[in-house]
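Novice: Give the three-dimensional model of this entry:
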Amino acid sequence: MTIVIFMLIAYLLGSVPSGLWIGKYFYGKDLRDHGSGNTGTTNTFRILGVKAGCITFAADCLKGTIATVLPMMFGVTQFSPILIGAFAILGHTFPVFAGFKGGKAVATSAGVLLGFAPLYLLFLLAVFLIALYLSSMISLASIISALVGIITTLIFPAFHFLLPDYDWLFTVIIIAVASLIIIRHRDNISRIRHREENLVPWGLNLTKQQKNKNQ
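Specialist: Next comes the predicted model:
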């Protein structure tokens, strides 16, 4: 019964649509009607600006962290906290408070890793930043980070690097979440292939995407 309660709390916490509410109540804009129509961090940055984007990222990340550390805060050790964090990611992706149409799970997934494996998160963050600089695309950097996450959760424990031992629940959840992130970026993948993806004003844009005039 305890695990069900924590799963429910994590899901509801993850379901808080930070970007959507910030846009509607402070900017008078529904993110679902602008840009990519996504309510996550990237579209918030694009439509509402840096301040709103940073707040949304912090809030979405915090949802994952709080959900993950919640069992430990209450001294509950019967199950792995990564399992509870996964339900926050599920809530963020399919939020009950926003018609089950949420973000792409990147920020909340980062929050879960911050609460469970912070050093591993730093590694993936470095991968993300390098990919972002080379491509100038948040979407591609997210996809590459997800792919690296899948590969390294299978390899790193064998060398006791960052992930000291195999935790098969952690491995399964990371692979599942990373796969979800990639699937949620399928429209971005199509735009990247056609060199029409949205860019950030930083980096090398090595794939020569055509800059969106509306950015």
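Novice: Spatially nearest residue to L132, not counting backbone neighbours?
Specialist: Distance criterion CB to CB, 6 or more residues apart in numbering; nearest residue to L132, sequence neighbours excluded, is A141 at 4.0 Å. Bear in mind the C-beta positions are built from the backbone N, C-alpha and C, glycine included.
Novice: Correct me if wrong: the one you found contacts F128.
Specialist: Yes: if you go by CB atoms under 8 Å, A141 and F128 touch, sitting 4.9 Å apart.
Novice: Compare the two (neighbour count), which wins?
Specialist: Set A141 next to F128 and count neighbours by other CB atoms under 10 Å: A141 wins out with 22 against 19.
Novice: list the contacts for that one?
Specialist: Contacts of A141 were listed using CB atoms under 8 Å, 6 or more residues apart in numbering, and they are 128-129, 131-132, 135.
Novice: In PyMOL, select just the buried ones from these.
Specialist: Of the contacts of A141, the buried ones go into a single PyMOL selection, burial set by 16 or more other CB atoms under 10 Å:
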select buried, resi 128+131+132+135
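Novice: check contacts around F161.
Specialist: Residues in contact with F161 (CB under 8 Å, 6+ apart): none are found.
Novice: and it, which of the three is it?
Specialist: Under DSSP: H, G, I helix; E, B strand; the rest coil, the three-state class of F161 is coil.
Novice: how much space between it and V172?
Specialist: Per CB to CB, to the nearest Å, F161 is found 20 Å from V172.
Novice: pLDDT value on the nearest residue to S18 once chain neighbours are set aside, please?
Specialist: Nearest residue to S18 in three dimensions, chain neighbours excluded: A59, at 3.8 Å (CB to CB, 6+ apart). We have a pLDDT of 96 for A59.
Novice: name the element A59 belongs to?
Specialist: A59 belongs to helix 50-73 when assigned by DSSP states H and E.
Novice: Just list what that helix packs against, helices and strands only.
Specialist: Identification of packing neighbours for helix 50-73 by 3 or more CB pairs under 8 Å, 6 or more residues apart in numbering; DSSP states H and E yields helix 2-14, helix 18-26, helix 41-48, helix 81-93, helix 106-116.
Novice: Show the average pLDDT along the last one.
Specialist: So the one you mean is helix 106-116. Mean pLDDT, helix 106-116: 96.
Novice: angle of the helix or strand just after that helix against helix 50-73?
Specialist: Remark: after helix 106-116, the chain's next helix or strand is helix 118-135, criterion DSSP H and E. Between helix 118-135 and helix 50-73, the angle comes out at 160 degrees (axes from the mean of the first three to the mean of the last three CA atoms, to 10 degrees).
Novice: Could you list the residues in contact with helix 118-135?
Specialist: Contacts of helix 118-135 (CB under 8 Å, 6+ apart): 110, 113-114, 138, 140-142, 144-145, 148-149, 152, 156, 162-163, 200, 202-207.
Novice: Quick one, which of the residues you listed are buried?
Specialist: Buried, going by 16+ other CB under 10 Å: 110, 113-114, 138, 140-142, 144-145, 148-149, 152, 156, 162-163, 200, 203, 205, out of the contacts of helix 118-135.
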